[in-house]
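Q: Sharing a model that was predicted from the sequence below.
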Amino acid sequence: MSVNKPTNLSPDGKADAKDKRDSLLERASGAYGLDKLAPAAVPVMLDANAKKKFAPARKPAQEPSPVERLAEKSTQGEPAVEGRRRSDASPAVQFCGEKHPVSRELLREQGLIDPDGGASRLLEEFRIVKRQVLASARSEGTSVARRVLVCSPHPDEGKTFCALNLALAMAAERDSEVLLIDADFGKPSILSKLGLTNDTGFMDVLADPASHVEDHVIGTDIPGLWVLGAGARTGRDSEYLASERTWEVLNRLTRGAPNRMIVFDSPPALAATPASELAKHVGQALLVARADVTGQVALEDAIDLLSACPDIRLLLNDATFSPSGRKFGSYYGYGD
């Protein structure tokens, strides 16, 4: 059996009109004495101290326009390493001074590209390499991408040969210049292979914060080709390369100079540590493998050491067989 709770009736037997109008919440408020509670008064204007407690309203984020993205990409500096931001507002240096002659006969004796010798099979091969390197630099559009490291896992695999020929091929580009840096501090050979001499070079610039890199760069009579020797050996090559001074010098060499490429001839990756340090400062690396000499494990280990570079490519050297049968020499009238 159910029991209904009686309702409050008025003397005349009708329900109170006020109770009928009030909502359930209003009747509960009256029953429990909540009517005495009132909300705090809200001031019309906040005083100066109260305003500080409120953060300004955020504006909705806007997607940058294609022009703004292009401008940001063209002005971005070197990547941050270990959480530190690299920046250098100094303008790019300009190379000037006396042009020293490079012996063409010496180049031919070493099997290098002769800049005055016209087309050849060797030149065409390195034109292919050059085109891919320049295309990558243009697509990235940063100063770091214009720095190219030429390395090999072990000695005597042809890294210096490839670095020299790549620089000679790049120097032939219109309205461009190439700086070839000898970074093989243990066994420097770039200057001697070009018939040049200099007592100072790259390591002297890194070791002396007051030194200006342009004072140590050597001009050549090959249009567009400049050379920076290795300099004096210090026994602390890797430590100098890992310092802020290296970023400052390389930033000045490439930032603000969109037509300048820098090619490094580094020590073998598995023989000396400077190669892995240099890989942090470049945007491209060419790992030279000598046909029938360089092993797969050595290549894998070298790639691991150079992993700080975002773009590593293999360059096969001293190959006598071409699967495609390509022979530029026969087309241009040159023999093997």
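A: Perfect, thanks for sending it.

Q: which residues of the stretch 101-250 of the chain fall in strands?
A: For the stretch 101-250 of the chain, the strands defined by DSSP state E, counting those that start in this stretch occupy 147-151, 177-182, 218-220, 225-228.

Q: Packing partners of the shortest one?
A: If contacts are counted by 3 or more C-beta pairs under 8 Å, 6 or more residues apart in numbering; DSSP states H and E, strand 218-220 sits against strand 99-100, strand 225-228. Using the backbone N, CA and C atoms, a C-beta is placed for each residue, glycine as well.

Q: Same question for the last one.
A: Identification of packing neighbours for strand 225-228 by 3+ C-beta pairs under 8 Å, 6+ apart yields helix 159-171, strand 177-182, helix 190-194, strand 218-220.

Q: Correct me if wrong: residue 123 contacts residue 170.
A: No: Residue 123 is beyond contact range of residue 170, at 11.7 Å (criterion: C-beta atoms under 8 Å).

Q: Tell me which stretches of the stretch 51-200 of the chain form helices.
A: For the stretch 51-200 of the chain, the helices defined by DSSP state H, counting those that start in this stretch occupy 66-75, 104-109, 121-140, 159-171, 190-194.

Q: got CSV for those, with mean pLDDT and mean neighbour count too?
A: Below are the helices of the stretch 51-200 of the chain laid out as CSV (pLDDT from 0 to 100; neighbours: other C-beta atoms under 10 Å):
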stretch, mean pLDDT, mean neighbour count
helix 66-75, 44, 10
helix 104-109, 96, 14
helix 121-140, 95, 17
helix 159-171, 97, 24
helix 190-194, 97, 20
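
Q: Redo the ones you listed as TSV? Include distance to residue 205.
A: Output for the helices of the stretch 51-200 of the chain, formatted as TSV (distance: least, C-beta to C-beta, whole Å):
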stretch	distance to residue 205
helix 66-75	25
helix 104-109	26
helix 121-140	23
helix 159-171	19
helix 190-194	15
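
Q: ok so, going back, for the strands of the stretch 101-250 of the chain, state which one has the densest average packing.
A: Mean neighbour count, computed with mean count of other C-beta atoms under 10 Å, is highest for strand 147-151 among the strands of the stretch 101-250 of the chain, reaching a mean of 28.

Q: Next, the angle helix 121-140 makes with that one.
A: Orientation note: strand 147-151 sits at an angle of 140 degrees relative to helix 121-140 (axes from the mean of the first three to the mean of the last three C-alpha atoms, to 10 degrees).

Q: Each with direction, which strands does strand 147-151 pair with?
A: Here strand 147-151 is paired, per DSSP bridges, with strand 260-265 (parallel), strand 284-290 (parallel).

Q: Looking at the ones you listed, spot the one closest to residue 144.
A: Using C-beta to C-beta as the measure, strand 284-290 is the one of those that comes nearest residue 144, at 8.9 Å.

Q: Can you check what angle separates the closest one from helix 159-171?
A: 130 degrees.

Q: Other residues contacting strand 284-290?
A: 129, 133, 136-137, 145, 147-153, 156-159, 162, 166, 269, 279, 299, 302-303, 306, 309, 311-318 (C-beta atoms under 8 Å, 6 or more residues apart in numbering).

Q: rerun that using 6 Å as the cut-off
A: Strand 284-290 has contacts (C-beta atoms under 6 Å, 6 or more residues apart in numbering) with 136, 148-152, 157-159, 162, 299, 302, 306, 309, 311-318.

Q: Of all the helices and strands packed on strand 225-228, which one is nearest residue 260?
A: Nearest to residue 260, of all these, is strand 177-182, at 5.3 Å by C-beta to C-beta.

Q: so the closest one versus strand 260-265, what angle?
A: Interaxial angle, strand 177-182 versus strand 260-265 (the same axes, to 10 degrees): 20 degrees.

Q: Would you list the strands that strand 177-182 pairs with, along with their directions?
A: Here, using DSSP bridges, strand 177-182 pairs with strand 225-228 (parallel), strand 260-265 (parallel).

Q: Tabulate these in a markdown table, adding columns for distance to residue 190.
A: Below are the strands paired with strand 177-182 laid out as a markdown table (distance: least, C-beta to C-beta, whole Å):
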| stretch | distance to residue 190 |
| --- | --- |
| strand 225-228 | 6 |
| strand 260-265 | 6 |
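
Q: May I see those organised as CSV, with mean pLDDT added?
A: Formatted as CSV, those follow (pLDDT from 0 to 100):
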stretch, mean pLDDT
strand 225-228, 97
strand 260-265, 98
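
Q: Which among the ones you listed is found nearest to residue 273?
A: Here strand 260-265 is closest among the strands paired with strand 177-182 (C-beta to C-beta), at 14.6 Å.

Q: buried sites along that closest one?
A: Residues 260, 261, 262, 263, 264, 265 are the ones in strand 260-265 that count as buried (16 or more other C-beta atoms under 10 Å).

Q: quick one: which of these is nearest residue 97?
A: residue 260 (16.1 Å).
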